[in-house]
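*Asks:* with the sequence up front, the predicted model follows.
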Amino acid sequence: MRPQVLTIAGSDSGGGAGIQADLKTFQELGVFGTSVLTAVTAQNTRGVHGVEAVSPELVTQQLDAIGSDFTIAACKTGMLFDAARIEVVADGVRRHTFNRLVVDPVMIAKGGASLLQDSAVQALKTSLLPLATVVTPNVPEAEVLTGMTIRTFEDRIKAAEQMLAYGVRAVILKGGHLDGATADDLVMTASETFLLSAPRIQTSDTHGTGCTFSAALTAELAKGHSILEATVTAKRFIQCAITHGLDIGAGHGPTNHWAYATHEEAGVTLESITTNHR
Ligand SMILES: Nc1ncnc2c1ncn2[C@@H]1O[C@H](COP(=O)(O)OP(=O)(O)O)[C@@H](O)[C@H]1O
Ligand SMILES: Cc1ncc(COP(=O)(O)O)c(N)n1
């Protein structure tokens, strides 16, 4: 049977991020995608033009519809909007024992629009992260989650350690927002730390990179791969998707979800890091 997976996230009408990016990624990686919508955005490559949240009751009904009929092998969260939605999502994840949970702590869209209320950060930390297998913040999200300013490599290590202490099994602190010739993601578990790198592509078409990366990770976890194996495949998937962009829209365009199946990926490396702490 095909592994069945779930994304709990917002709709991006532009099709490059959110639920749409997740389902496209699931399809490409051969797993059956289901979805729970938390919010609907009126969005395109130029930005977010409107947002309306789905009621907590309807979020719960969707979770129960999925949980009572499907065998969910892995699950991810994206845009959760506010603390009320986070609490019903955490309840649903627990009630239906959705194991292998990837939390992409989506806060701000590439164009600058807020996708999570400030008051929801505490709920994310205390209600959802303790249930997570992996959390995948970008640097600004990691700064909000830890209260730290992240500039140096040592800062990234410290921030990842602090997030591990929130109860997740692994932290992937993504480096898409940093400068440099490579896009480096720090991968930390309780026992090991790695640097996952790929050549940085000069493009503004990076709408939905975080969603796509975390969806690929979820799909690979659903197939039974280890966190590290799944992470490397997710990096290969997003590297192909950014490299072979589609040039769609006038703003931050989407990535190419077909590319992984049709192109060779070049240059993803995984290096073990020895830190003072582990
Ligand atoms: N220009 C780029 N070239 C290559 N990889 C990138 C680029 N931008 C982002 N990535 C990669 O895409 C993935 C998503 O990261 P990021 O863009 O930081 O997430 P988010 O969409 O949450 O801000 C990470 O693996 C990151 O290293
Ligand atoms: C509905 C929705 N969810 C998430 C994002 C974040 O996108 P990105 O992956 O580019 O940070 C988005 N722009 N819209």
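*Replies:* Thanks, I have it. Ligands and ions are numbered 1, 2, ... in the order given.
*Asks:* how about the residues of this structure by ligand 2?
*Replies:* Within the chain, the positions near ligand 2 by C-beta under 6 Å from any ligand atom are 9-12, 17-18, 41, 43, 78-79, 106, 109-110, 115, 207-211. Just so you know, the C-beta spots here come from the backbone N, C-alpha and C atoms, and that holds for glycine as well.
*Asks:* for ligand 1, tell me which of those residues show up nearby.
*Replies:* Among the residues of the chain next to ligand 2, ligand 1 is touched by Thr209, Gly210 when using C-beta under 6 Å from any ligand atom.
*Asks:* restricted to helices, list the residues of the chain next to ligand 2.
*Replies:* Gly18, Thr209, Gly210, Cys211 (DSSP state H).
*Asks:* save the residues you listed as CSV, and put in distance to Met148 and neighbour count too.
*Replies:* Shown next, in CSV, are those (distance: C-beta to C-beta, whole Å; neighbours: other C-beta atoms under 10 Å):
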residue, distance to Met148, neighbour count
Gly18, 28, 29
Thr209, 23, 24
Gly210, 20, 24
Cys211, 24, 30
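*Asks:* tell me which residue in the stretch 1-150 of the chain sits closest to ligand 1.
*Replies:* Relative to ligand 1, the nearest point of the stretch 1-150 of the chain is Asn138 (3.6 Å; C-beta to the nearest ligand atom).
*Asks:* all helices of the stretch 1-150 of the chain, in order?
*Replies:* Applying DSSP state H, counting those that start in this stretch to the stretch 1-150 of the chain gives helices spanning 18-28, 56-67, 83-95, 121-123, 139-146.
*Asks:* pick the most deeply packed of those helices.
*Replies:* With neighbours taken as mean count of other C-beta atoms under 10 Å, the helices of the stretch 1-150 of the chain reach their highest mean count in helix 18-28, at a mean of 25.
*Asks:* pLDDT weak spots in the stretch 101-250 of the chain?
*Replies:* Along the stretch 101-250 of the chain, no part satisfies pLDDT under 70.
*Asks:* identify the residue spatially nearest to the residue of the stretch 1-150 of the chain closest to ligand 1, adjacent ones excluded.
*Replies:* Leaving aside its chain neighbours, Asn138 sits nearest to Lys174 (4.8 Å; criterion: C-beta to C-beta, 6 or more residues apart in numbering).
*Asks:* returning to that earlier point: distance to Lys235 added to the helices of the stretch 1-150 of the chain, as TSV?
*Replies:* Converted to TSV, those look like this (distance: least, C-beta to C-beta, whole Å):
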stretch	distance to Lys235
helix 18-28	13
helix 56-67	28
helix 83-95	25
helix 121-123	27
helix 139-146	16
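*Asks:* so which of the ones you listed comes closest to Phe237?
*Replies:* Smallest distance to Phe237 across these (C-beta to C-beta): 7.0 Å, for helix 18-28.
*Asks:* other residues contacting the closest one?
*Replies:* The contact list for helix 18-28 (C-beta atoms under 8 Å, 6 or more residues apart in numbering) reads 5, 7, 9-12, 14-15, 32-33, 35, 37, 41, 43, 76, 78-79, 208, 211-212, 214-216, 218-219, 237, 254-255, 257-258, 260-261.
*Asks:* good, we can wrap up now.
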